[in-house]
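> build the 3D model from these lines:
(chains A, B, C and D)
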Number of protein chains: 2
Amino acid sequence: MANSLDTIFAALADPTRRAILSMLLEDDMAVTDVAEPFEMSLAAISKHLMILTRAGLIAQEKRGRVKWCKLEPDAMKNASVWMQGFGQFEPVNLDAFERFLETELDTSIE
Amino acid sequence: MANSLDTIFAALADPTRRAILSMLLEDDMAVTDVAEPFEMSLAAISKHLMILTRAGLIAQEKRGRVKWCKLEPDAMKNASVWMQGFGQFEPVNLDAFERFLETELDTSIE
DNA sequence: GGGATCGTCAACCAAATGGTTGAATGTCTA
DNA sequence: TAGACATTCAACCATTTGGTTGACGATCCC
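Just a heads-up that it's a prediction; the model follows:
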């Protein structure tokens, strides 16, 4: 089944894929542009994007020869609901979130 | 680093481990009792518990010959904050959460 | 002490994962 | 039409993962 917790959490477990999601938070991007900051091959990034797509975390739309990737934030909702059942967390702290993004990008883009 | 998003999401990606966390939501349990509803070996469950412990999602404490496992809900907080940055989700729906638990237990305990 | 119980360790195995390279496909543009 | 560009496919490789079994170290209790 698509959007299962299995595939969503597995997709999120990889730092490269989380970095890609963070990048897409800014704007939609073409595959080549997604791949640019990473040191791995374009084919590897293509595989990562396929995994994110199968998990429902992003959507890909081909226009001409360019395939655009955009965030699909609803897919994380199931997982988020599941997680929040385990504790009452403080209201979302967006400052903390932005610090996460910075350190994540620093450590995963290499 | 312990409690990194890598290890937390990887730990959550396995249905057996999520089922274990759901069971521990009810009460602390000994390793043998955790293993009881599953069809796999005790050694396999022991490995799963080690992965959950390394991720910081549970804590294990040995009293006598029995090792007690208890939920450590704070560890999910980082991951939850990270996820919520990607969208404004509705306030937590605990009914939906309980339905998740039921279907998850049905499909992962075999 | 001796036997049952609790849990882990070690060695092993099959399958999945994350990466590579090179060829192939499709599309734009001069 | 030819070439450049965007992306994926296919084959391959090393490592990790999730499971098994059997032996082992503690601990409880008679």
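> which residue is nearest the middle of chain A?
In chain A, the residue lying closest to the centroid (CA atoms, centre = their mean) is A:Leu21, at 2.7 Å.
> in chain A, where is pLDDT below threshold?
Low-confidence segments of chain A, defined by pLDDT under 70: A:1-3, A:87-110.
> show me where it has its strands.
A:29-30, A:58-63, A:66-71 (DSSP state E).
> what's the last one packed up against?
Which is strand A:66-71. Contact partners of strand A:66-71 among helices and strands, from 3 or more CB pairs under 8 Å, 6 or more residues apart in numbering or on different chains; DSSP states H and E: helix A:15-26, strand A:29-30, helix A:31-35, strand A:58-63. Any C-beta I mention is one placed from the backbone N, CA and C, and that applies to glycine too.
> so is the longest one next to DNA strand D?
By that I understand helix A:15-26. No - shown here: helix A:15-26 not in contact with DNA strand D (CB under 7 Å from any atom of the strand), separated by at least 12.2 Å.
> sorry, back to before: comparing the helices and strands packed on strand A:66-71, which comes out most buried?
Across these, the average number of neighbours (mean count of other CB atoms under 10 Å in any protein chain shown) peaks for helix A:15-26, which reaches a mean of 20.
> could you name the helices and strands sitting against it?
Against helix A:15-26 (3+ CB pairs under 8 Å, 6+ apart) you get helix A:5-12, helix A:31-35, helix A:42-54, strand A:58-63, strand A:66-71, helix A:94-108, helix B:5-12.
> can we see that at 6 Å?
Contacts defined by 3 or more CB pairs under 6 Å, 6 or more residues apart in numbering or on different chains; DSSP states H and E place helix A:15-26 against helix A:42-54, helix A:94-108.
> next, the angle from it to strand A:58-63.
60 degrees (axes from the mean of the first three to the mean of the last three CA atoms, to 10 degrees).
> what about helix A:15-26, distance to the chain center?
5 Å (CA atoms, centre = their mean, to the nearest Å).
> quick check, that helix touching DNA strand C?
Yes - counting by CB under 7 Å from any atom of the strand, contacts between helix A:15-26 and DNA strand C involve A:Thr16.
> need the strands of chain A in CSV (columns: distance to B:His48).
As requested, those are exported to CSV (distance: least, CB to CB, whole Å):
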stretch, distance to B:His48
strand A:29-30, 37
strand A:58-63, 29
strand A:66-71, 32
